[in-house]
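K.L.:
Below: sequence and its predicted model.
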Amino acid sequence: MSDDVERHRTHLPMPNTVRPRFVAYDARDPDSRLPPIPQLRPPAGAPNVLIVLIDDVGFGAASAFGGPCNTPHAETLAADGLKFTRFHTTALCAPTRQALLTGRNHHSAGMGGVTEIATGAPGYCSVLPNSMAPLAKILKYNGYNTAQFGKCHEVPVWQTSPAGPFDAWPTGGGGFEYFYGFIGGEANQWYPSLYEGTTPVEPTKTPEEGYHLMEDMTDRAMKWIAQQKALAPDKPFFVYFAPGATHAPHHVPKEWADKYKGRFDRGWNELREEIFARRRRSA
């Protein structure tokens, strides 16, 4: 049985040092045996994990679930894997995200509402109790490499500046080793306020040169995964990919908008009947 399987994982972070029972004064002493430096790894067979959370998108929007928005890659993933039909949200952004990232009820995680309306009322302070560990931190303590891209709306509003504190930021107390995205509820997709870790950064080009945040964060995520697999191929990764493009403001590149020109002119009532019919056929 490997050391990774034998590790005691009930308490995190796991102890990583063992004091030798005998310390020799002379390294040439045959009784001088020092323990090896352990490498933190998850149990054998631990999978890579990618979570894509799309903001403000209805259940029947994507073509993978019968919707009118073409999502061919999601259809492929669904065809080759599992497609779930229930996901309970809180009907608000920050509470749903905090519940997803901690596995806890949003009120017990201090996020009964969005961070901008935080109060001292129980469950509404927007501060995650230090008795609750985010999923990313648990995986990191078990040997995963972790990264978040895109939207983070879990930071209390009075902690969202480059001055910190960074306890609630993805690379602070959130458990992510790398973060590239924006803090808050929404971001301009052409001129976003971006952070790499906790450092403000500027987009690499202008909208006139073809910049859009979705493409930027997608490229960053792909590069991070490629680098992680090149440098630590024996370690799995956990990537949380959270676009903000479907949240306000709606900044859609013209070539994407043109693809759907006229598709919704018939109105919602007729469209929902078509979506429901496609859902029944694919169920």
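P.N.:
Yes, it's here.
K.L.:
Apart from its neighbours in sequence, what residue is nearest residue 196?
P.N.:
Computed as C-beta to C-beta, 6 or more residues apart in numbering, the closest residue to residue 196 that is not its neighbour in sequence is residue 180, at 5.3 Å. For the C-beta atoms, the positions are set from N, CA and C on the backbone; glycine is no exception.
K.L.:
Distance-wise, check that neighbour relative to residue 209.
P.N.:
Residue 180 sits 19 Å away from residue 209, going by C-beta to C-beta, to the nearest Å.
K.L.:
More neighbours: these two, which one.
P.N.:
With neighbours defined as other C-beta atoms under 10 Å, residue 180 and residue 209 compare such that residue 180 has more, 21 against 8.
K.L.:
contacting residues around the residue most central in space within the chain?
P.N.:
Among the residues of the chain, the one closest to the centroid is residue 240, at 2.1 Å (C-alpha atoms, centre = their mean). Residue 240 makes contacts with 51, 53, 101, 136, 146, 147, 148, 149, 176, as judged by C-beta atoms under 8 Å, 6 or more residues apart in numbering.
K.L.:
Next, it: secondary structure please.
P.N.:
For residue 240, the secondary structure call by DSSP: H, G, I helix; E, B strand; the rest coil comes out as strand.
K.L.:
what is it paired to in the beta sheet?
P.N.:
For residue 240, the beta-bridge partners under DSSP bridges are residue 51, residue 148.
K.L.:
Pull the contacting residues for residue 117.
P.N.:
By C-beta under 8 Å, 6+ apart, the contact list for residue 117 reads residue 124.
K.L.:
Okay, it and residue 168: tell me how far apart.
P.N.:
On the measure of C-beta to C-beta, residue 117 and residue 168 end up 16 Å apart.
K.L.:
One more: residue 112?
P.N.:
On the measure of C-beta to C-beta, residue 112 and residue 168 end up 16 Å apart.
K.L.:
Helices along the chain, start to end?
P.N.:
For the chain, helices defined by DSSP state H occupy the ranges 3-6, 72-80, 93-102, 135-141, 213-231, 254-259, 268-282.
K.L.:
Tell me which of the ones you listed lies nearest to residue 18.
P.N.:
Closest approach to residue 18 among the helices of the chain (C-beta to C-beta): helix 3-6, 11.8 Å.
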